[in-house]
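Engineer: sequence plus predicted model, see below.
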Amino acid sequence: MTPKSIQNTAQLRGRLLVLCVLLVGGVGVAAGLLGVVPLHNRLTAQALSELEHQLDLQRLIVDSFHQRLVGLGLQVGSRTQARQELTRYNQGEIDLATLVSLNTPKLADALRQAPDLLGMVRLDRQGQAVVRLGKPLEEGMWPSAGGAPAQVVFGRSGVDAQGTEFLTLRTPIIDGNKQLQGTDLFLCSFASLRERLAGVPGLRGNTRIFTHTTNGWQSLFTLAGTEDGLAAALTAGNVVLPGAGEERTSSWWTCVHGTQEFVVLARLMPVDWLLVVGQDKTALMGAANRILLWVGIAYVVLLLLGLSGVVLLLRPLTGRLLVHQQELGELVEEQARALMHVDATLREKTLFLDSILCSSINMAIVAIDHDMRVHYLNPLAEEMFDMAAERVAGADLRGLHVMQGVTPQQMEQLLQEVHQRGECSFLVSREHGDTTHLLSARVSSITTPDGRQAGYVLMARDITEERRLEQEKELLQTELLQAQKLESVGRLAAGIAHEINTPIQYVVANTEFFEESFASLVAGLLPVRQLLANADAEITPQQLQAARDALQAADWDYLAEEIPRAIAQSCDGLQRISSIVLAMKEFSHPGGKEKQEASLNRIIETTITVARSEWKYVAEVETDLAPDLPLIPCLVDEMGQVVLNMLVNAAQAIAESLGGSPEGAKGRIAIKTRCTDKTVILEISDTGCGIPPEIQEKIFDPFFTTKEVGKGTGQGLTIAHDVIVNKHGGTIHLTSESGKGTTFHISLPRQS
């Protein structure tokens with residue numbers, strides 16, 4: 001190894017040691033943090049839980065205290081003799097002096113038995129003080145009944161001149177008839193409550209009781225500490241109160257002194273007191289912080305010992321690792337030369353594959369990245385867009401005018417559609433010299449194997465010639481359809497003329513009969529007319545006999561019977577002529593190029609009438625047309641041609657199947673319509689010779705026919721297929737059995 005290599009090896013060894021030490025130290029620090037944070041959370045939760053436990057113990061004591069006060073107050077008011085004396089006073093049976101002399105000993109005895117009651121005032125039913133005992137209770141300190149004089153009510157708290165804490169209580173005096181006779185007002189002592197709360201083992205924090213008044217929350221009792229603004233915070237809603245169904249709530253809040261305190265709150269019902277136990281953050285977290293400090297010191301010591309061990313362990317390992325560095329470097333160089341050879345081979349094969357694709361795909365291909373910058377053009381794209389790949393590589397596609405007429409905003413919309421659907425197809429025109437070319441373009445998304453968006457590929461194909469051929473094809477189809485229609489009209493003309501001539505003949509015959517009959521009637525009625533003219537004179541037997549002879553000569557009975565019959569026959573004939581002319585008018589009327597709402601049933605009925613001469617000698621036509629069939633958008637003229645072709649084919653198939661059958665034998669053509677939610681169905685069945693299975697797939701091919709030369713061009717079913725499938729978006733198929741007949745099933749959409 002060269003001196004420089006030795007120096008590099010030593011530097012590498014030192015860096016490896018430092019890196020390993022930093023790595024192990026970082027892992028150790030991360031592990032410590034991951035361990036300390038849960039420990040801190042558990043210690044904090046334990047401290048908070050102890051505070052909540054203190055709240056539960058103190059709530060039991062406070063509940064017991066206020067229930068004791070209520071019990072004592074109600075017990076004093078329930079003394080029977082004192083209550084009866086008050087009732088007599090309210091009823092006017094005794095005066096005030098008598099009531100005071102009678103009630104005072106009894107109430108004084110009750111106060112002596114209840115040390116928590118410092119004094120009292122008894123009010124009569126009118127709310128007037130009648131008896132006062134013990135410490136004075138000023139009228140301004142009386143608790144308000146609040147509209148419910150029959151309920152127990154706690155009032156204000158405070159400290160008297162001797163420093164005694166007190167609480168006011170109001171209890172009702174109810175007689176045996178459940179009637180309110182008066183009220184007892186008591187001055188109660190907090191001494192027993194303070195003594196019991198102070199005796200709770202492990203007492204921590206500051207205990208306070210608040211009561212709710214019309215002015216918000218006010219302090220009722222404080223075990224330790226001073227006023228810190230908690231009552232104002234409760235009234236302002238800055239501290240969360242227990243809701244309905246909640247035993248307690250807890251939260252942090254900031255005192256007026258600026259210190260943070262954690263408080264646990266519980267409501268005491270039914271007196272509507274709020275018991276709050278709190279402790280400032282420093283005192284609450286002091287024990288937890290001390291534990292965490294000792295844990296941190298122990299962890300740092302262990303981490304330093306661990307890092308020293310890692311250094312001692314890695315020093316010999318790095319020495320052995322660097323011994324093999326040179327061998328590994330030589331191996332890497334050998335693998336690099338092999339990879340370079342493989343890369344050159346892949347490049348050669350890629351170029352070969354590109355040349356094959358460019359020669360076999362007749363499309364212009366442009367590859368762009370997600371920033372719309374060009375990365376690749378195949379030769380056809382260079383020729384189509386008149387630009388060199390080397391010149392536009394890396395350029396923005398939107399500035400190259402590849403797609404003339406597509407604005408940047410439209411391009412952004414296309415890319416959004418590609419993002420949603422994966423690809424987008426559209427047509428675009430491009431001027432090339434004096435010629436306008438129509439291009440069919442498609443933009444597809446290019447994604448990496450891991451699903452990331454890598455770019456887009458634009459593929460375009462010149463369809464100018466295809467579009468011209470399609471237009472010529474459509475023109476030829478239109479001419480072919482017109483020729484087919486003219487052929488149908490020509491074929492039907494003789495039959496229609498015969499259909500019209502037959503009723504005309506018996507209309508003419510009946511008209512001649514009317515002429516002769518009218519002359520006979522005039523001759524027969526002339527004598528009758530003369531009798532009527534001489535009705536005022538006497539009519540002779542000779543005149544009556546002459547009238548009878550004249551009517552008998554005119555054959556009156558025969559004319560009365562035959563003339564109405566002849567009139568009915570003439571009307572039938574004229575109606576038949578009218579229906580044929582109307583049907584022919586509708587059938588031959590040129591249809592528009594646009595679809596219009598039309599009745600398929602009406603088209604079928606008109607076509608049956610027009611083509612009557614084609615089927616009446618070989619078949620009976622049965623129709624089952626749905627009366628509720630909706631109007632559908634269609635090309636009326638072309639749909640009539642389709643039905644005519646089907647009807648003529650059916651009649652010809654039946655005629656072929658009858659062959660040498662006896663005269664008068666006929667087949668059957670059944671036409672049925674029905675509708676579904678989205679389509680209208682037309683079925684045309686015949687009892688003809690059927691279509692062999694081997695040619696069923698060919699019957700819609702142009703110029704395919706099984707008829708003799710001169711009897712068919714093979715275009716009827718081809719036109720039907722084009723009209724149904726290509727122009728109306730429907731379907732047509734058949735079911736056939738040789739020797740039994742054929743049914744064509746046509747489905748047309750109810751909406752365009």
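Structural biologist: Now that the structure is in, tell me what you want to look at. Numbering: from 1, shown residues only.
Engineer: can you give me the helices in the stretch 401-550 of the chain?
Structural biologist: Chain-ordered helices for the stretch 401-550 of the chain, with DSSP state H, counting those that start in this stretch as the definition, fall at 408-421, 464-533, 541-553.
Engineer: mean pLDDT lowest where, among those helices?
Structural biologist: Mean pLDDT values for the helices of the stretch 401-550 of the chain show the minimum at helix 464-533, a mean of 68.
Engineer: give me the mean pLDDT for the helix or strand hosting residue 305.
Structural biologist: Assigned by DSSP states H and E, residue 305 belongs to helix 281-323. The average pLDDT for helix 281-323 rounds to 66.
Engineer: so what's residue 440 up against?
Structural biologist: For residue 440, the residues meeting the contact criterion (Cβ atoms under 8 Å, 6 or more residues apart in numbering) are 425, 427, 460, 461, 463. C-betas here are computed from N, CA, C, even on glycine.
Engineer: pLDDT below threshold where in the stretch 1-150 of the chain?
Structural biologist: Counting by pLDDT under 70, the low-confidence segments of the stretch 1-150 of the chain come to 1-37, 39-41, 43-45, 47, 145-150.
Engineer: all helices of it, in order?
Structural biologist: Secondary structure of the stretch 1-150 of the chain (DSSP H, counting those that start in this stretch): helices located at 3-77, 80-90, 96-112.
Engineer: could I get the full set of helices for the stretch 201-350 of the chain?
Structural biologist: All helices of the stretch 201-350 of the chain, identified by DSSP H, counting those that start in this stretch, fall at 230-236, 281-323, 325-360.
Engineer: one more: the stretch 651-752 of the chain?
Structural biologist: Taking DSSP H, counting those that start in this stretch as the criterion, the stretch 651-752 of the chain contains helices spanning 716-721.
Engineer: neighbours of residue 192, how many?
Structural biologist: Burial measure for residue 192: 16 neighbouring residues, criterion other Cβ atoms under 10 Å.
Engineer: nearest residue to it other than its sequence neighbours?
Structural biologist: Counting by Cβ to Cβ, 6 or more residues apart in numbering, the nearest residue to residue 192 once its immediate chain neighbours are dropped is residue 116, at 5.7 Å.
Engineer: the one you found: how many residues sit nearby?
Structural biologist: Other residues near residue 116 number 18, with proximity taken as other Cβ under 10 Å.
Engineer: what mean pLDDT would you report for stretch 678-692?
Structural biologist: When pLDDT is averaged along stretch 678-692, the result is 91.
Engineer: now do the buried residues in it.
Structural biologist: 679-691 (16 or more other Cβ atoms under 10 Å).
Engineer: give me the subset of these lying in strands.
Structural biologist: Using DSSP state E, 679, 680, 681, 682, 683, 684, 685, 686 are the members of the buried residues of stretch 678-692 that sit in strands.
Engineer: any chance of those residues in TSV, plus distance to residue 134?
Structural biologist: Shown next, in TSV, are those (distance: Cβ to Cβ, whole Å):
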residue	distance to residue 134
679	100
680	103
681	105
682	110
683	110
684	116
685	116
686	121
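Engineer: pretty sure residue 211 contacts residue 154?
Structural biologist: Yes - distance between residue 211 and residue 154: 6.9 Å, which falls inside the contact criterion (Cβ atoms under 8 Å).
Engineer: mutual contacts of the two, please.
Structural biologist: Common contacts of residue 211 and residue 154, defined by Cβ under 8 Å, 6+ apart, comprise 271, 273.
Engineer: now the longest strand anywhere in the chain: buried residues?
Structural biologist: In the chain, taking DSSP E as the definition, the longest strand is strand 435-447. Of the residues in strand 435-447, those scored as buried under the neighbour-count criterion (16+ other Cβ under 10 Å) are 437, 438, 439, 440, 441, 443, 445.
Engineer: and the last one, what's its pLDDT?
Structural biologist: The confidence metric pLDDT takes the value 81 at residue 445.
Engineer: who's in contact with it?
Structural biologist: Here residue 445 is in contact with 418, 419, 422, 423, 453, 456 (criterion: Cβ under 8 Å, 6+ apart).
Engineer: of all those, which comes closest to residue 142?
Structural biologist: Distance to residue 142 across the contacts of residue 445 (Cβ to Cβ) is lowest for residue 419, with 78.6 Å.
Engineer: and that closest one, how many neighbours?
Structural biologist: Count around residue 419 with other Cβ under 10 Å applied: 12.
Engineer: contact partners for it?
Structural biologist: Shown here is residue 419, whose contacts under the criterion Cβ under 8 Å, 6+ apart are 445, 453.
Engineer: next one: residue 682
Structural biologist: Residue 682 makes contact with 600, 604, 643, 671, 672, 673, 745, 746, 747, 748, according to Cβ under 8 Å, 6+ apart.
Engineer: rerun that using 7 Å as the cut-off
Structural biologist: When contacts are counted by Cβ atoms under 7 Å, 6 or more residues apart in numbering, residue 682 is found next to 600, 673, 746.
Engineer: out of these, the closest to residue 383 would be?
Structural biologist: The shortest distance between residue 383 and any of the contacts of residue 682, using Cβ to Cβ, involves residue 746 and amounts to 47.3 Å.
Engineer: what comes up buried for stretch 515-531?
Structural biologist: Burial within stretch 515-531, assessed by neighbour count using 16+ other Cβ under 10 Å, is assigned to 517, 520, 521, 524, 525, 527.
Engineer: and if you look at stretch 107-116?
Structural biologist: When neighbours are counted by 16+ other Cβ under 10 Å, the buried residues of stretch 107-116 are found to be 107, 110, 111, 114, 116.
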